[in-house]
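Novice: starting from these lines, generate the structure:
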Amino acid sequence: MEKSDKIFVAGHRGLVGSALLRQLERQGFANLVTRNRAELDLMDQAGVDRFFADERPAGVIFAAARVGGIKANNDLPVEFLLENLQMQNNVIRAAHQTGVRKLLFLASSCTYPKHAPQPIPETALLTGPLEPTNEPYAIAKIAGIKLCQAYAREYGANFISAMPTNVYGPNDNFDLSSSHALAALLRKAHEAREKGAREMVVWGSGKPRREFLHADDAAAACVFLLENYDSAEIINVGCGEDISIRELAELICDVVGFKGDLVWDSSQPDGTPRKLLDVSRLHDLGWRHSIGLREGIAQTYQWFLQNAVKKL
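Specialist: Numbers count the residues shown, from 1 in each chain. A predicted model of the protein is given here:
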């Protein structure tokens, strides 16, 4: 992609989408196109078709999605499946019809089997059962990957798919009913400290291990792939390091300043036992993350204090 190319960032208000805008602007991409949901509902096929016909972007980064943690996925499987399918199908189809030169589809590491080999190679996709707690979302993302690959195979489209690990950072969702683990733990630790609580309840056993990537690193990797990767084969995006949920909770409490005890609610699900991506292909291309976990959590907490607390 050229710096002057018109690029449509779908989902620009979200965690990764907002980081993508910052990264693209930082790298000199000046012709960026965005639409909020009031301006363009990605589930409206006719509206999406009109937008692409009018704007004719040269590149598309699809970062739009209905996302959430274990509870949200369990409670709303229909919405997670249908909404994600409709949004991505409309955008990918319209991109091809209007001659988009390159499309980057952001999938998710949750599309890999629950008991995939660790670290998870790209070849693990569709080799075993999914984690039941996020199966509808994962199936939608797998369909998006396969649609991009189908356009590449049938029409020669340069539609690529990235598999980001767990992402956190500014503009994360801190709603405890729908947030992911790191954001939920950060909010819980903050509120426990503010209340002077002696204990903080954490879901599950604390044993599962997860990999976390700062949104700015995720965005930098995506822009790198936009400029340097042209294969229809999926590629993992992560840091290649993981941590147990117990260790994560302790680290967050230390950053936030909560001194109380952690109480583990084993009645709540753990999810996948471990999820660490094999990022050797990305490393071989020349990209590595730059933001350490403690540094990233501290940055995110400062953003939370300045932007999110007053909205809770």
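Novice: all helices for this protein, in order.
Specialist: Secondary structure of the chain, counting by DSSP state H: helices at 15-26, 45-55, 70-75, 77-97, 135-155, 181-195, 215-228, 245-256, 280-285, 293-303.
Novice: comparing those helices, which yields the minimum mean pLDDT?
Specialist: With a mean of 78, helix 70-75 has the lowest mean pLDDT of those.
Novice: so what does that one touch, helix or strand wise?
Specialist: Helix 70-75 sits against helix 135-155, with contacts defined as 3 or more C-beta pairs under 8 Å, 6 or more residues apart in numbering; DSSP states H and E. To be clear about C-beta, it is placed using only N, CA and C from the backbone, and glycine gets the same treatment.
Novice: domain-wise, how is this structure divided?
Specialist: Annotated domains of the chain cover 7-170+211-241+273-293, 181-207+243-272+306-311 [automatic domain parsing].
Novice: hmm, back to that, out of the helices of the chain, the one nearest residue 204 is which?
Specialist: For residue 204, the closest of the helices of the chain is helix 245-256, at 6.5 Å, according to C-beta to C-beta.
Novice: distance from the chain centre to the closest one, please.
Specialist: Remark: helix 245-256 is offset 21 Å from the chain centroid, using C-alpha atoms, centre = their mean, to the nearest Å.
Novice: thinking residue 205 is in contact with residue 265, fair?
Specialist: No. Using C-beta atoms under 8 Å as the test, residue 205 is too far from residue 265 to be in contact (9.1 Å).
Novice: follow-up on the earlier one: now the helices of the chain in TSV, with mean neighbour count and distance to residue 236?
Specialist: Below are those laid out as TSV (neighbours: other C-beta atoms under 10 Å; distance: least, C-beta to C-beta, whole Å):
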stretch	mean neighbour count	distance to residue 236
helix 15-26	20	15
helix 45-55	15	29
helix 70-75	18	21
helix 77-97	19	19
helix 135-155	19	12
helix 181-195	21	19
helix 215-228	22	10
helix 245-256	20	20
helix 280-285	15	6
helix 293-303	18	18
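Novice: as a markdown table, the ones you listed with distance to residue 9 would be great.
Specialist: Output for the helices of the chain, formatted as a markdown table (distance: least, C-beta to C-beta, whole Å):
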| stretch | distance to residue 9 |
| --- | --- |
| helix 15-26 | 5 |
| helix 45-55 | 12 |
| helix 70-75 | 24 |
| helix 77-97 | 11 |
| helix 135-155 | 16 |
| helix 181-195 | 22 |
| helix 215-228 | 10 |
| helix 245-256 | 29 |
| helix 280-285 | 21 |
| helix 293-303 | 20 |
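Novice: so which of the ones you listed gets nearest residue 39?
Specialist: Checking the helices of the chain against residue 39 by C-beta to C-beta gives helix 45-55 as the closest, at 8.8 Å.
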